[in-house]
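J.: return atomic coordinates for the entry below.
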Amino acid sequence: MAKNWNKIWRWVHLIAGLMLVVYHSRIAYVEYGWMETAWSAEVDKFVSTTFVFLVMWTGLAKWPVYPWYKKRQNRKRREKKQAAAE
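T.: The predicted model follows:
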């Protein structure tokens, strides 16, 4: 399996996202009374500054922007060619 940046970003995004799921599920367990304590203030600060940032930017980084750009460029070329032919 060849590695490229899209696959690397996808796995980083999924792993960080799963950690956020665990983080929020423990908070939900405390709210429902299934656990006694949630996370400490240090963990809250770490998650809010690191994992949320990581999930957000890896999600943006893994979007296939280049194919959209290429498709737009090809459409512009076709329109220019069609306008010149008329």
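J.: tell me which residue is most central in the chain.
T.: The chain has Gly59 as the residue nearest its centroid, 1.6 Å off, counting by Cα atoms, centre = their mean.
J.: so for the helix or strand hosting that residue, what gets flagged as buried?
T.: Using DSSP states H and E, Gly59 falls within helix 52-61. Of the residues in helix 52-61, Leu54, Val55, Thr58 count as buried by neighbour count, 16 or more other Cβ atoms under 10 Å. Where you see a C-beta, it was placed from the backbone N, CA and C, and this is true even at glycine.
J.: any idea which of these is the one closest to His24?
T.: Val55 (11.8 Å; Cβ to Cβ).
J.: test my guess that the closest one contacts Leu14.
T.: No: with contact defined as Cβ atoms under 8 Å, Val55 does not reach Leu14; the gap is 9.3 Å.
J.: hang on, the earlier thing: apart from its neighbours in sequence, what residue is nearest the residue nearest to the centre of the chain?
T.: His13 (5.5 Å; Cβ to Cβ, 6 or more residues apart in numbering).
J.: for that neighbour, which residues are in contact?
T.: Val55, Thr58, Gly59, Lys62 (Cβ atoms under 8 Å, 6 or more residues apart in numbering).
J.: reformat these as TSV; add distance to Arg26 and pLDDT.
T.: Formatted as TSV, the contacts of His13 follow (distance: Cβ to Cβ, whole Å; pLDDT from 0 to 100):
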residue	distance to Arg26	pLDDT
Val55	17	83
Thr58	22	81
Gly59	22	78
Lys62	27	72
